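In: Mind looking at a prediction? Sequence and model below.
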Amino acid sequence: MTTVVTPPTPPAAGSARGVRAPGLRTAPPRPARRRPGRRGLAVVANAVAVVFGLAWLFPVYWMLNTAFLTDRQIQQRIPVLFPVGGTGSHFAQVLSSPAFWSAMRMSLAIALVVVLGAMVFGFFASLALSRFRFRGRTQLIVAVLVVQMIPAEALFISQYRMLDGWGLLNSVAGMSLLYLGASIPFTIWMLKGFVDGVPVELEEAAMLDGCSRMGAFLRITFPLLGSGLVASSIFAFLASWNEYTLALVALTSDDARTLPLWLTSFSGQNQVTDWGAIMAGSTLMAVPVVILFMTVQKRMASGLTAGAVK
Amino acid sequence: MSLVLRRRPPARRAAVPLSSRSDRRLALLLLVPATATVLLALGYPLVRQLGMSFQRFGLEQQFGRPPEFVGLANYSAMLTDPTFWAVLGRSVGFCLLVAAITMAVGTAAALLLTACSRPVAVAVQVVMLLAWAMPVLSSLQVFQWMFDSRSGVVDHTLAALGFEQMLGFNWFAQPSTFFAVAGLLVTWMSVPLVVFMVYAAVTQIDTSVLEAAALDGAGPAQTFRHVVAPSIAPVLALVTLLQIIWDLRVFTQFHVLQSNGGITEQTNVLGTFIYQVGLAGGDYGSASAAAMLLLLLTLLIAARYIALLLKEPA
């Protein structure tokens, strides 16, 4: 993968140290007068950072807080800041709703097809791009990057008509096809980086011992890609799990909703919005995502710049 | 964390020999499943959409009337329609403004992290990761709830701060506040990536260079301008382009927020406009033309981005 930030300046020397108050640290003269200045700066920096962190944390906190409040607390004139005397009833309400489980099944089925398909097809294609030199290879790599930049909005009209024509609206197959089209390119791009990292000599040794080329790929290279396959799978999973735009277009029936569509189906009706249940649903949708996200966070930036899920 | 940017030594395009004939055949075979799937999911719709954009393709055609070839009529109708220009202006304006704010806040936060103590920096990074991980739909629901006009925390807080008229204020009922909330949401979602990328770039600056700058008497401002900024400039360029590309495609956020207000016409951006003309209005020809224009716009920006991305050694 495109790891390592190497600035144009000389290579960084084991530098997780960070740059603390550049300019102040080693200014040699007047050290006695500088010291309080430096401490003052650190205090201000810490204070601003804490405020910034709290501001960014607030929406997440507010989701959890509201999910645990009682309906009476939610509708109070003064917002209740802590879920004291709260309730788990909103979670119970969501977890006992058939619509939630139907959406969960749909989301999982689609994600499963997408992850498996993207991994198998992406693995094959990344082998071709990493191990062989053929005409059009560079163009193909550029195409892989270009395709990822296409916004769903630019094609969904036509994709809707295509699925409609084939009778694949509201189906796992149709939805998976569209998601595969979006996931395969970034899977290829990510896996290619990992295949590049496996020494080709290992395959050659296996071939000397009588393995076929394909056999060497499957027996030698494939097992060495473990972490790459896990990371790419999580990317493909998250992309499919969080996707809304194409699902809105391709899944028009209430029974075929995925979780993102189910979550929006709460609002938009005329009755009083049930914010407690919506926040509980939002939390339930976010929990697996946050857990998976943490496991791949190190690769997240590189994956994202390659155009994967936002 | 990663990304980027070593200036590649002047391209020495060594002619790498082609693989053997049998290997090339294997490569082709390996590429077939992925290529075929992408062509089916994206390529075929693209070709059909291009075709539709040259046709009169409305409701009648959906019920069997053969579409009529109209050449560039859809495009010229679109490009002379003030509604389209209003939508385009709104999209581009929103995108550039939000991308600029995101970059400014994200870069400032990354520099701030280098100046504060370690526990605080780690805590802020955990928060960033959390905000980044939130599914867009969950974030959307939380922001709608926070800005709810009946019991939303924002209205109540503003009222408590003395802005009594804000109690019961409906943010989604007029374009200016609608865009403010949408922009806030998109910024909230996008800042973490910028923080991480810029922070990674800043912490990789060689400390001896910074010390040398200090020895030469450079103050913080000068150090930033002459040492830090040039070092992180490539990362900034890349992330800025990425933000612009992303902030052009905000269909999800706008479509969901629009369900609150009933002012769809005045808040449409390109994605929601195409959706309304095509899928809701049934005018596939015009919608296809608008979609092709959106595609063109995105690819122009993406070309620059990909050129930057490929500069790093493969």
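Out: That came in fine, so what should we check first? Numbers count the residues shown, from 1 in each chain, chains lettered A, B, ... in the order given.

In: Which helix or which strand is home to residue A:66?
Out: helix A:31-68 (DSSP states H and E).

In: One more: residue A:262?
Out: Counting by DSSP H and E, the element that carries residue A:262 is helix A:259-265.

In: Which helix or strand lies directly C-terminal to that helix?
Out: The helix or strand immediately downstream of helix A:259-265 is helix A:275-295, counting by DSSP H and E.

In: pLDDT at the residue nearest to residue B:111 when sequence neighbours are not counted, what is it?
Out: Here the nearest residue to residue B:111 in space, its sequence neighbours aside, is residue B:202; by CB to CB, 6 or more residues apart in numbering or on different chains that works out to 6.7 Å. The way it works is simple: take the backbone N, C-alpha and C, and place the C-beta from them, glycine included. We have a pLDDT of 90 for residue B:202.

In: Residue B:202: neighbouring residues, count only.
Out: Using other CB atoms under 10 Å in any protein chain shown, the number of residues around residue B:202 comes to 24.

In: Next: the one 5 residues further on.
Out: Residues near residue B:207, counting by other CB under 10 Å, number 20.

In: and the helix holding residue A:66 with helix A:275-295, angle?
Out: Using axes from the mean of the first three to the mean of the last three CA atoms, to 10 degrees, the interaxial angle of helix A:31-68 with respect to helix A:275-295 works out to 130 degrees.

In: buried sites along helix A:31-68?
Out: Of all the residues in helix A:31-68, those buried under the rule 16 or more other CB atoms under 10 Å in any protein chain shown are A:38, A:41-42, A:45-46, A:48-49, A:52-53, A:56-60, A:62-63, A:65-68.

In: Near chain B, list only the ones from those residues.
Out: The subset of the buried residues of helix A:31-68 lying close to chain B, counting by CB under 8 Å from any CB of the partner chain, consists of A:41-42, A:45-46, A:48-49, A:52-53, A:56-57, A:59-60, A:62-63, A:66.

In: Need the three-state assignment for whichever residue of the stretch 1-150 of chain B sits closest to chain A.
Out: Proximity of the stretch 1-150 of chain B to chain A (CB to the nearest CB) peaks at residue B:41, 2.5 Å away. Reducing the assignment at residue B:41 to three states with DSSP: H, G, I helix; E, B strand; the rest coil gives helix.

In: Verify the stated contact: it with residue A:180.
Out: Yes: if you go by CB atoms under 8 Å, residue B:41 and residue A:180 touch, sitting 6.0 Å apart.

In: Tell me how far residue A:195 lies from residue B:34.
Out: For residue A:195, the distance to residue B:34 (CB to CB, to the nearest Å) stands at 14 Å.

In: Mind checking which of those two has more residues around it?
Out: Neighbours per residue (other CB under 10 Å) separate residue A:195 from residue B:34, with residue B:34 holding more: 26 against 23.

In: Now name the helix or strand holding that one.
Out: Under the assignment given by DSSP H and E, the secondary-structure element containing residue B:34 is helix B:21-38.

In: The next helix or strand after that helix to helix B:21-38, inter-axis angle?
Out: Of the helices and strands lying after helix B:21-38 in sequence (DSSP H and E), the nearest is helix B:44-53. Direction vectors for helix B:44-53 and helix B:21-38, defined by the same axes, to 10 degrees, enclose an angle of 60 degrees.

In: check whether helix B:44-53 contacts chain A.
Out: Yes: for helix B:44-53, a contact with chain A is found by CB under 8 Å from any CB, at B:44-46, B:48-49, B:52.

In: Restrict those residues to the buried ones and give me that as a ChimeraX selection.
Out: In ChimeraX syntax, the buried subset of the residues of helix B:44-53 next to chain A is picked out as below (16+ other CB under 10 Å):
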select /B:45,46,48,49,52
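
In: Save the residues of helix B:44-53 next to chain A as a markdown table, and put in distance to residue B:288 too.
Out: As requested, these are exported to a markdown table (distance: CB to CB, whole Å):
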| residue | distance to residue B:288 |
| --- | --- |
| B:44 | 14 |
| B:45 | 10 |
| B:46 | 10 |
| B:48 | 9 |
| B:49 | 5 |
| B:52 | 4 |
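
In: Give me the distance from stretch A:256-264 to the chain's centre.
Out: Its chain's C-alpha centre and that of stretch A:256-264 lie 18 Å apart, by CA atoms, centre = their mean, to the nearest Å.

In: and it, is it in reach of chain B?
Out: Yes: Stretch A:256-264 lies in contact with chain B when judged by CB under 8 Å from any CB; the contacting residues are A:259-260, A:263-264.

In: how does chain A divide into domains?
Out: A:36-87, A:91-305 (automatic domain parsing).

In: Put together JSON lines for these, with mean pLDDT on each row.
Out: Written out in JSON lines, the entries for the domains of chain A read as follows (pLDDT from 0 to 100):
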{"stretch": "domain A:36-87", "mean pLDDT": "89"}
{"stretch": "domain A:91-305", "mean pLDDT": "91"}
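
In: Would you mind finding the most buried of those domains?
Out: domain A:91-305 (a mean of 20; mean count of other CB atoms under 10 Å in any protein chain shown).

In: now the strands for the stretch 1-150 of chain B?
Out: Counting by DSSP state E, counting those that start in this stretch, the stretch 1-150 of chain B has these strands, from start to end: B:55-56, B:68-69.

In: chain center to the first one: distance?
Out: Mean C-alpha position of strand B:55-56 versus that of the full chain (CA atoms, centre = their mean) differs by 31 Å.

In: average pLDDT across that strand?
Out: Averaging pLDDT along strand B:55-56 gives 91.

In: Not counting residues beside it along the chain, what's closest to residue 153?
Out: No chain was given, so I picked chain A. Going by CB to CB, 6+ apart, residue A:153 has residue B:271 as its nearest residue, at 3.5 Å.

In: ah, I was thinking of chain B
Out: In space, residue B:153 comes closest to residue A:79 once its chain neighbours are excluded; the distance is 4.5 Å by CB to CB, 6+ apart.

In: quick one, phi psi at the one you found?
Out: Note on residue A:79: its backbone torsions stand at phi -60, psi 140 [degrees, to the nearest 10].

In: wouldn't residue B:128 be in contact with residue B:196 here?
Out: Yes: counting by CB under 8 Å, residue B:196 is a contact partner of residue B:128 at 6.7 Å.

In: overlap in contacts of those two?
Out: Residues within reach of residue B:128 and of residue B:196 at once, by CB atoms under 8 Å, 6 or more residues apart in numbering or on different chains: there are none.

In: where does the residue in chain A that chain B sits nearest to land in three-state SS?
Out: Of chain A, the residue with the smallest distance to chain B, taken as CB to the nearest CB, is residue A:181 at 2.5 Å. Residue A:181 falls in the helix class when you classify it by three-state DSSP.
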